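[1] please find the sequence and the predicted model below.
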Amino acid sequence: MQTIMANGGFGMSALSALTAQNSTGVQAVHIPPQSFLEQQLDSVFGDLQPLAVKTGMLPDAATVQTVARKLQQYAAAAAARPGSSSGLVPSGSSSRGLVPLVVDPVMISTSGHALAEGSVGDALRQCLIPLATVITPNLAEAQVLLGSDQPIETLGDMKAAAAALHKLGCQAVLIKGGHLAQQQQLLQQQQQSSAAAAIEATDILYDGQRFYYYAAPYIRTDNTHGTGCTLAAAIATALAHGQSPVEAVQSAKDYLTTVLAGSKGLGLGAGPQHPFHHGAGFSRVDPILNPKAPVLLNPSPKAPKTPDGLNPVDLRMYVVTDSGCNKRAGKTLLQAVQGAVAGGATVVQLREKDIDGGDFVREATAVIQLCRPLEIPVIINDRVDVAIACDADGVHVGQSDIPTRLVRQMLGPDKIVGVSTKTPAEAAKAAADGADYVGVGAVFPTSTKDSSVVGLEGLRATCAIGIPAVAIGGVGAHNAAEVLGSGVQGLAVVSAVFAAPDVEVATRKLREAVDLALQQRGQQQQQQQQCFEHVVQAAVVA
């Protein structure tokens with residue numbers, strides 16, 4: 001309930017089991033009559049009409065069957081009710097008319113205690129998982145659901161398990177990797193390494209088409225009682241807010257990591273597993289008032305920055321130079337940039353692959369002298385040495401270039417660091433390593449750069465990470481509205497500007513299209529915000 005409230009929802013509960021438990025473990029479980037569980041569910045669904053449901057500990061097969069039957073009953077009744085739609089349909093809703101359903105198959109607690117009868121696994125597979133939007137097993141629970149004796153010990157094992165569980169009929173599977181991180185920590189302690197590498201807790205989501213990696217720093221704390229329930233409740237609340245499963249998992253992961261960090265050293269309790277400090281989650285941005293606001297934990301000495309962070313960048317009109325375009329147009333680098341700046345460029349990246357270091361420094365210095373009085377950042381592609389030598393405003397690197405964390409160390413905290421990414425996992429790592437923004441693409445096929453296409457869906461998934469992003473690859477005035485609708489802060493263009501007969505005119509036309517699209521997006525967000533002014537309702541069955 002605290003998690004739902006902290007994430008902007010109103011929680012309602014139906015108790016499927018009563019437990020006697022504390023920080024030392026679970027001492028007893030009492031299962032109420034099925035008729036009483038049905039009455040609780042009828043009370044919830046007969047009044048406030050929840051926009052998402054999360055199931056937790058379902059202690060026996062009869063309880064699983066009851067919950068599945070009642071959810072289908074409510075879906076059928078809602079479908080038959082004339083004019084029952086509120087106009088707000090969560091994106092995780094199933095084709096069967098169910099509201100988004102998150103199934104946390106609680107069979108084995110984080111501390112290792114068995115919480116359900118052996119028949120529960122079969123009932124979940126047959127009755128409830130086929131109805132689910134997302135299921136969230138930990139490693140041990142995934143192994144039980146698969147009926148396998150083979151432990152899940154690697155990220156590859158997690159991917160295979162997610163793909164196999166997806167065949168049970170749910171929309172998406174999230175395999176939680178926290179136990180792998182715990183094992184890595186124990187191994188480091190046994191080795192007594194004085195230079196232990198940072199450990200990340202990585203979860204894997206599979207939606208039937210793609211795998212998504214959600215990595216966050218592993219928080220060393222004993223205050224972990226209820227981590228699985230917390231994550232699932234946060235996912236359900238995000239789905240109720242209208243987020244997609246990919247976005248909802250990221251929001252929930254951010255929340256869980258924030259609360260774990262806020263719980264570090266809290267103590268409380270005589271046993272090995274202490275409670276959360278849920279109050280840490282209430283300091284986050286209210287998702288009702290600003291549903292798109294990123295919420296990121298500081299995973300490193302330098303926090304990933306939002307547009308209001310230490311190094312804000314106006315990414316609206318991000319131009320990337322190309323020596324080939326300039327050569328064909330008979331222009332120098334400086335002349336090309338002059339046209340782009342006059343047309344409204346907000347960032348200039350110098351991407352000069354076929355030039356010596358000394359010449360690059362001289363040409364970059366001339367561009368900086370043009371742009372700095374206008375407060376237009378000049379970013380150097382790849383070459384950290386050139387950026388330092390000419391005092392450029394920052395550096396942009398790719399996945400195969402100098403690691404982002406090292407670039408940040410070399411440049412210091414006040415320079416801009418950008419990273420090319422294709423996936424949410426790469427964007428999350430870039431944020432953790434100190435990047436100010438990411439360039440995502442290619443969004444569409446392009447002749448300028450040999451790159452696989454991520455598409456608009458991939459763009460939206462990366463934007464859900466929260467780090468400022470600019471779209472590149474096949475973008476222009478003709479598709480500015482749909483690209484910016486994904487959540488990016490701007491467009492990065494090469495040939496759309498520098499291959500045009502008149503660079504200034506081309507830049508100005510594109511800038512106008514970008515500004516118009518951003519204005520329209522802002523108006524749409526205001527309308528959505530008004531829709532969320534009522535209290536989002538999320539039901540919990542646990």
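    In hand now; what should we look at?

[2] now the helices for the stretch 151-300 of the chain?
    Listed from the start of the chain, the stretch 151-300 of the chain has helices (DSSP state H, counting those that start in this stretch) covering 155-166, 178-191, 227-240, 245-263.

[3] nearest to residue 57, of those helices?
    Proximity to residue 57 (C-beta to C-beta) singles out helix 227-240 among the helices of the stretch 151-300 of the chain, at 8.2 Å. Yep, even glycine has a C-beta here, placed from its N, CA and C like the rest.

[4] and the angle from that closest one to helix 245-263?
    Angle between the axes of helix 227-240 and helix 245-263 is 140 degrees (criterion: axes from the mean of the first three to the mean of the last three C-alpha atoms, to 10 degrees).

[5] check which helices and strands helix 227-240 sits against.
    With contacts taken as 3 or more C-beta pairs under 8 Å, 6 or more residues apart in numbering; DSSP states H and E, helix 227-240 sits against helix 2-6, strand 9-14, strand 53-55, strand 101-103, helix 245-263, strand 536-541.

[6] tell me how far the residue lying closest to residue 168 once chain neighbours are set aside lies from residue 141.
    Setting aside the residues directly before and after it, residue 168 is nearest to residue 129 in space (C-beta to C-beta, 6 or more residues apart in numbering), at 4.6 Å. Relative to residue 141, residue 129 is positioned 12 Å away (criterion: C-beta to C-beta, to the nearest Å).

[7] residue 234 versus residue 258, what's the distance?
    Taken as C-beta to C-beta, the span from residue 258 to residue 234 is 10 Å.

[8] what about those two, which has more around it?
    The residue with more neighbours, out of residue 258 and residue 234 and counting by other C-beta atoms under 10 Å, is residue 234; that gives 27 against 21.

[9] now do the most centrally placed residue in the chain, the pLDDT please.
    Nearest to the mean C-alpha position of the chain, counting by C-alpha atoms, centre = their mean, stands residue 250 at 3.1 Å. The per-residue pLDDT reported for residue 250 equals 88.

[10] angles on the backbone of residue 313, please.
    In terms of degrees, to the nearest 10, the main-chain angles of residue 313 are phi -130, psi 130.

[11] doesn't residue 435 make contact with it?
    No - at 10.7 Å, residue 313 does not count as touching residue 435 under the criterion of C-beta atoms under 8 Å.

[12] which one of these two has more residues nearby?
    Neighbour tally, residue 313 and residue 435, criterion other C-beta under 10 Å: the higher count belongs to residue 435, 28 against 23.

[13] these two touch, right, the residue nearest to residue 168 and residue 167?
    No - contact criterion C-beta under 8 Å: residue 129 and residue 167 do not qualify, at 10.1 Å.

[14] just want to know which of these two has more residues nearby.
    Set residue 129 next to residue 167 and count neighbours by other C-beta under 10 Å: residue 129 wins out with 24 against 9.

[15] what's near enough to touch the nearest residue in space to residue 250 that is not next to it in sequence?
    Leaving out its chain neighbours, the residue that sits closest to residue 250 by C-beta to C-beta, 6+ apart is residue 464, at 4.8 Å. For residue 464, the contacting residues are 243-244, 246-247, 250-251, 424, 487, taking C-beta atoms under 8 Å, 6 or more residues apart in numbering as the criterion.

[16] between the residues you listed, which is nearest residue 146?
    Closest approach between the contacts of residue 464 and residue 146, by C-beta to C-beta: residue 246, at 23.2 Å.

[17] distance of residue 34 relative to residue 70?
    Using C-beta to C-beta, we find residue 34 at a distance of 10 Å from residue 70.

[18] who has more neighbours out of these two?
    Set side by side, residue 34 and residue 70 give different neighbour counts by other C-beta under 10 Å, the larger being at residue 70 (19 against 15).

[19] contact partners for the more buried one?
    For residue 70, the contacting residues are 38, 41-42, 45, taking C-beta under 8 Å, 6+ apart as the criterion.

[20] and those as a markdown table, adding distance to residue 402, pLDDT and secondary structure?
    As requested, those are arranged in a markdown table below (distance: C-beta to C-beta, whole Å; pLDDT from 0 to 100; DSSP: H, G, I helix; E, B strand; the rest coil):
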| residue | distance to residue 402 | pLDDT | secondary structure |
| --- | --- | --- | --- |
| 38 | 61 | 94 | helix |
| 41 | 56 | 93 | helix |
| 42 | 61 | 92 | helix |
| 45 | 55 | 90 | helix |
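
[21] in ChimeraX, how would I select the buried members of those residues?
    Of these, the buried ones can be selected in ChimeraX as follows, counting by 16 or more other C-beta atoms under 10 Å:
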select :38,41,45
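
[22] picking that back up, list residues touching both of residue 129 and residue 141?
    Common neighbours of residue 129 and residue 141 are listed as residue 105 (criterion: C-beta under 8 Å, 6+ apart).

[23] sorry, back to before: the residue nearest to residue 168: what secondary structure?
    In terms of secondary structure, residue 129 is helix; the call rests on DSSP: H, G, I helix; E, B strand; the rest coil.

[24] now it: how far from residue 360?
    57 Å.

[25] in the longest helix along the chain, which residues are buried?
    Across the chain, the helix with the greatest residue count (assigned by DSSP state H) is helix 503-531. Neighbour-count burial for helix 503-531, with 16+ other C-beta under 10 Å as criterion, is recorded at 503-504, 506-511, 513-514, 517-518, 521.
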